[in-house]
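Colleague: For reference, the sequence and a predicted model appear below.
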Amino acid sequence: MDDLALGARIKRARERARMTQLELAEQLDVTRRTVANWETGQTSPLNRLGAIEEVLGRWGFTSLHEAPPPVQERPEEPAGAVAVVEQILDVLHSRFSDSTKIAMIAEVIERDYPGVADEAPVVEGRAVR
């Protein structure tokens, strides 16, 4: 099985589920870096395929090379900005380094508000990307 293609399918399903890498990692009891490595084909999630399918199956992920099942609607959640703020607060309360938190927050904002991060904020005299 091509790890890069598998990683791309994991990422697509995670994004359909509107989950961050951290949220998926927490549900699978792995690190966010592990999920990132899967998505880029750096490592293989073969020993976690069943768990990934359990979490992301309703969003079109299948460990098989067949066409994915139809994507179901995401259950109702807090309205737009409130959900983003809740996700950002979760990241801020995590134990990641500050630079990792900044990257994760940028990912959350870019996912829900594409293009907003193009005007990078300045922190301590340098643009944050």
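Modeller: Arrived safely, thanks for sending.
Colleague: gap between residue 44 and residue 98?
Modeller: As for residue 44, its distance to residue 98 is 31 Å (criterion: C-beta to C-beta, to the nearest Å). (Each C-beta comes from the backbone N, C-alpha and C, glycine too.)
Colleague: So those two - more neighbours on which side?
Modeller: When residue 44 is set against residue 98 and neighbours are counted by other C-beta atoms under 10 Å, the residue ahead is residue 44, at 15 against 9.
Colleague: separation between that one and residue 108?
Modeller: As for residue 44, its distance to residue 108 is 27 Å (criterion: C-beta to C-beta).
Colleague: part of a strand, is residue 42?
Modeller: No. Residue assignment for residue 42, taken from DSSP: H, G, I helix; E, B strand; the rest coil, gives coil, which places it outside any strand.
Colleague: And it, what's its pLDDT?
Modeller: For residue 42, the model assigns a pLDDT of 91.
Colleague: Check the burial of it by counting its neighbours.
Modeller: Here the count is done by other C-beta under 10 Å, and residue 42 has 13 residues near it.
Colleague: do the same with residue 100
Modeller: 15.
Colleague: Is it part of a helix or strand, or is it coil?
Modeller: Using three-state DSSP, the three-state assignment for residue 100 comes out as helix.
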